[in-house]
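Asks: for reference, the sequence and a predicted model appear below.
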Amino acid sequence: MSIRPYRDIQRRKSRRVMVGSVPVGGDSPITVQTMTNTLTADADATIAQIRRCEEAGVDIIRVSCPDEDSTAALPKIVRAAKVPIVADIHFHYRRAIEAAEAGAACLRINPGNIGSAERVREVVKAAKDHGLSMRIGVNAGSLEKDLLEKYGEPCPEAMVESALDHARILQDHDFHEFKISVKASDVFLAVAAYQQLAEACDYPLHVGVTEAGGTRTGTVKSSIGMGSLLWAGIGDTIRVSLSAEPEEEVRVGFEMLKALNLRHRGVNIISCPSCARQQYDVIRTVEALEKRVAHITTPMTVSVIGCVVNGPGEARETDIGFTGGGSNTHQVYIAGVPHHRLKDANVVDHLVGLIEKKAAEIEAAKAEEGKAKEAERHRVAAE
């Protein structure tokens, strides 16, 4: 129990699987995924998009492999990527085998639509031979006909039954290195399905609201659905599905995890919506500041508040605080304590400099701590 128990999230206990070198489930950090939208056969375009996602902090990237040209391009893509690649497979079992041979770290499949038991057996053998994990991906928009006839419509029970039926297919082949997703575009349906699935098994869960919409709509829907699940401790890896560039999905995913104190990456800017009390242009300042510090991966918190009503209080809880004051002169706080005053003209440049300096200090302290731990390990080993 922490000193602020109202912030504590008790994560669901799940088994751990590996997606390449990245652990998913157990006590591993919740990972952030996205999916490329280039033609996979165009390896150079796909690699360029993957690179942008890597710069945004992505942990795992999925690419669609609908044809032979796509799996033929996969070795080049895998070699170039710094993160594990998941091959998205539908219907064609040969594509799954080719993706495994090409170096994919994971296969996203529905065992039920791969074909005969023999074909499933071949896919599982390829996964075992090449050390791959899998994701069973159930989607409300493509449920099996018999389940739709049984339940009358896509519903949580139908989705969970589909997921567990597919899981049994892999279990019957003595394959257990898989995670499961039960996505829907309807927030209520997705959340209820994940809640039921979380109770029914201990496999890691890949959480998402599928086909959520454009950047604004999709972010809101995803934050409501995925946020409620994550707050309840459900979810081991996430993908925010947006009709937007995949790197934007990554940014939204990290912001979601940061808001729930589940993962920390980069600068968390706390800012007010501004009002007539503001002593400088808060909105433009924050817009510029977010762009200027987007490259910083070191976790830290910065408050940017327009006036003294809430500014000093917010600054007390942040690494760097900035509060608007009269006569175009504002207060800067360091570690919650008033540090110096600042005129309007160079606000953004000044704050960027402070943030970069703080990031360097944090990284240097981490490096020193790492050296000290390494020295201690050598000392203990020597004894």
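Replies: Thanks, I have it. Numbering: from 1, shown residues only.

Asks: where do the strands sit along the stretch 51-200 of the chain?
Replies: 60-64, 85-88, 106-109, 133-139, 178-183 (DSSP state E, counting those that start in this stretch).

Asks: as a markdown table, the ones you listed with distance to Val380 and mean neighbour count would be great.
Replies: (Glycine included, C-beta is placed from N, CA and C.) Shown next, in a markdown table, are the strands of the stretch 51-200 of the chain (distance: least, CB to CB, whole Å; neighbours: other CB atoms under 10 Å):
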| stretch | distance to Val380 | mean neighbour count |
| --- | --- | --- |
| strand 60-64 | 35 | 24 |
| strand 85-88 | 39 | 26 |
| strand 106-109 | 37 | 27 |
| strand 133-139 | 35 | 24 |
| strand 178-183 | 37 | 25 |
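
Asks: for these, which one sits closest to Leu229?
Replies: Nearest to Leu229, of all those, is strand 178-183, at 10.9 Å by CB to CB.

Asks: nearest to Glu249, out of the strands of the stretch 51-200 of the chain?
Replies: The closest of the strands of the stretch 51-200 of the chain to Glu249 is strand 60-64. By CB to CB, the value is 10.5 Å.

Asks: any chance of the strands of the stretch 51-200 of the chain in a markdown table, with distance to Arg277 too?
Replies: Shown next, in a markdown table, are the strands of the stretch 51-200 of the chain (distance: least, CB to CB, whole Å):
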| stretch | distance to Arg277 |
| --- | --- |
| strand 60-64 | 44 |
| strand 85-88 | 49 |
| strand 106-109 | 51 |
| strand 133-139 | 48 |
| strand 178-183 | 44 |
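
Asks: between those, which one is nearest to Ala192?
Replies: strand 178-183 (9.4 Å).

Asks: tell me the angle of that closest one relative to strand 133-139?
Replies: 20 degrees (axes from the mean of the first three to the mean of the last three CA atoms, to 10 degrees).

Asks: how far does strand 178-183 sit from its chain's centre?
Replies: 15 Å (CA atoms, centre = their mean, to the nearest Å).

Asks: what helices and strands are in contact with it?
Replies: Contacts defined by 3 or more CB pairs under 8 Å, 6 or more residues apart in numbering; DSSP states H and E place strand 178-183 against strand 133-139, helix 156-172, helix 187-200, strand 206-207.

Asks: what do you get if the cut-off is 10 Å, keeping everything else the same?
Replies: Other helices and strands packing on strand 178-183, by 3 or more CB pairs under 10 Å, 6 or more residues apart in numbering; DSSP states H and E, are strand 16-19, strand 106-109, strand 133-139, helix 156-172, helix 187-200, strand 206-207, strand 237-239.

Asks: any chance of TSV for these, columns distance to Ser228?
Replies: Conversion of the helices and strands packed on strand 178-183 to TSV gives the following (distance: least, CB to CB, whole Å):
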stretch	distance to Ser228
strand 16-19	24
strand 106-109	24
strand 133-139	19
helix 156-172	14
helix 187-200	6
strand 206-207	10
strand 237-239	13
